[in-house]
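Novice: no FASTA, just this:
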């Protein structure tokens, strides 16, 4: 178990910069998730930690060793690949013992470790099968087993759930959480799925466009996003954004006037928000309730019944659309006129540079 | 309707579907041209060849049935012995070395990137598109005992010019070397296709597993391209057993008996000595040798191929 420190790490492919001056520390035993859209650089960053990509600048430390010049095998990490990368001609047992044979570990110790991993991952009955004879979920477990037997200082997972079907993905996600609780080893998990990130992570690194947008616990990221990108990327359905006609001060907090002239009192300190006329208002759907006494009105364009709640896509007078929530047993229909009640206390504001301002 | 009725219904329906006349007709239309060509150009001549091997017959025209006489004669014929061992020697000099060399070169080329890779691959592949006559001219000139550009090199080793194609111990190895140079491009191409089929992630996993370069080759690359290796080796074996052109051209004017291969013996018996029966007998033996080797190859592939599933 070890912490991982990245200091000013950079990488470019030809003239294209893929990682720019990334600095972060992943605590010992921490479950860190790199979250971001395709092409944001999160997998490259993971591969740089693994040693599969060289870095062009900066330093990488694992524990008390600087590792950025070491080959992957000497970094004492284990990695699970998106497509598992199992050796197709080897049995499950051989797949798991291959790396240990490479370091000339005694045969009985290899057998002991493989047996223990197979037991933990419920692979004992598959131990002599080839990867081609296994289902996707079983292959996934073999890949994890291959990582576990190495007893690494850190586990690196590169989108390991993306090739599983929806049901299996949820089950395997829970297994990952249990695995971390049991092993308490440092883990880095790359994903573009914000639900995986929210449910698994101790902390999340949200990345966009080669840079870190925010590092924080899942609830910090959700409640106090650092930027408009983070606010939009995390949360499903996505946060509502509305243009602001005017902001003013009331008791030290921002009072927002929307294009339809409705006013919303926020809990955001006025002095922090630049009043340059380019402010955007952001509110999550669960903070916009369909209510007979609501201050804003509009027409329901789309109604999605999810069972435990109902989502209404409401078109306002100025033609902007706001996603609002109603109770599960709602009798709302498409075309209905609805009134919406916005909880201003949980609102966010974004300035012209997309920097976010949230209630303290 | 009882359950038994339903059960008996299913197979008859399935049978009806399987023998749908229109589908059978369509299948026949598609298959027939090949079957006809195969029958006329392969099955019929093969049967004729086997029948001919039991006859004393000229190349064209009727012969007389002599039973196994031709086969008995074969085993007493010194020239057949020479031709047989020359062929086996040539196969040994070409098939396995050419396969291993192609694998080594393919692994090297596979490590290159971009236009350098294409250029080097093209360099190795270009000889393959040359006709044998050009290959003969090029190497005949290079090895020419008076003004060949390779003679200074040979003189360094041998102390003087050597007429390579007139020196019996050098003849087969030299022709084998030229054959490998000529045909290796295709084998390299097959190996590169095989190597590109291996996911780069597997090598990344191996590098995290701390695999040495040699172990990576022996435990990962080699087993994963084993089917391609067997394919290349089989193609090579079949092609080299049928060796004729190069040996004929380079041996022309020399002691052709001593350098003769089996196909050359067939050609000489049937076309030069008008002994169709004996020529057919040699052909049958060559055919059997190739069949036996092909089956052996297939078994080898299956034995190891099962591991790769």
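Specialist: Great, that's in hand. None of these values were measured; they are calculated from a predicted model.
Novice: helix, strand or coil for residue A:340?
Specialist: strand (DSSP: H, G, I helix; E, B strand; the rest coil).
Novice: partner residues bridging it?
Specialist: residue A:290, residue A:296 (DSSP bridges).
Novice: what pLDDT does it get?
Specialist: As predicted, residue A:340 sits at a pLDDT of 93.
Novice: likewise the one 3 residues further on?
Specialist: On the pLDDT scale, residue A:343 is placed at 93.
Novice: need the contact list for residue A:249.
Specialist: Counting by CB atoms under 8 Å, 6 or more residues apart in numbering or on different chains, residue A:249 touches A:255, A:270. C-beta: built from backbone N, CA, C; applies to glycine.
Novice: tell me what it is bridged to.
Specialist: Beta-bridge partners, per DSSP bridges, of residue A:249: residue A:254.
Novice: so where does residue B:234 fall, helix or strand?
Specialist: If you go by DSSP states H and E, residue B:234 is part of helix B:226-241.
Novice: so which residues of the stretch 1-150 of chain B form helices?
Specialist: Assignment of helices within the stretch 1-150 of chain B using DSSP state H, counting those that start in this stretch yields the ranges B:3-18, B:21-38, B:44-52, B:69-76, B:78-111, B:114-125, B:132-142.
Novice: which other helices and strands contact the helix holding residue B:234?
Specialist: With contacts taken as 3 or more CB pairs under 8 Å, 6 or more residues apart in numbering or on different chains; DSSP states H and E, helix B:226-241 sits against helix B:78-111, helix B:168-196, helix B:276-305.
Novice: for those, which one sits closest to residue B:214?
Specialist: When the helices and strands packed on helix B:226-241 are compared by CB to CB, helix B:78-111 sits nearest residue B:214, at 12.1 Å.
Novice: helices or strands up against that closest one?
Specialist: Using 3+ CB pairs under 8 Å, 6+ apart: helix B:78-111 touches helix B:114-125, helix B:168-196, helix B:226-241, helix B:262-267, helix B:276-305.
Novice: apply 7 Å and report the result again.
Specialist: Using 3 or more CB pairs under 7 Å, 6 or more residues apart in numbering or on different chains; DSSP states H and E as the contact test, the elements touching helix B:78-111 are helix B:114-125, helix B:168-196, helix B:226-241, helix B:262-267.
Novice: pick the most buried one from the ones you listed.
Specialist: Among the helices and strands packed on helix B:78-111, the stretch with the highest mean neighbour count (mean count of other CB atoms under 10 Å in any protein chain shown) is helix B:262-267, at a mean of 22.
Novice: by contact count, what packs against that one?
Specialist: helix B:78-111, helix B:276-305.
Novice: briefly note if the shortest one comes near chain A.
Specialist: This means helix B:276-305. No. Between helix B:276-305 and chain A, judged by CB under 7 Å from any CB of the partner chain, nothing touches; the nearest distance is 9.3 Å.
Novice: chain B against chain A: which residues are in contact?
Specialist: B:199, B:201-202, B:204-205, B:207-211, B:215, B:220, B:223-224, B:307-309.
Novice: re the thing from before, and whichever helix or strand comes after the helix holding residue B:234, what other elements does it pack with?
Specialist: Using DSSP H and E, the helix or strand that follows helix B:226-241 in sequence is helix B:245-251. Applying 3+ CB pairs under 7 Å, 6+ apart, one finds that helix B:245-251 makes contact with helix B:132-142, helix B:168-196.
Novice: show residues contacting helix B:245-251.
Specialist: B:132, B:136, B:165, B:171, B:175, B:178-179, B:259, B:261, B:264 (CB atoms under 7 Å, 6 or more residues apart in numbering or on different chains).
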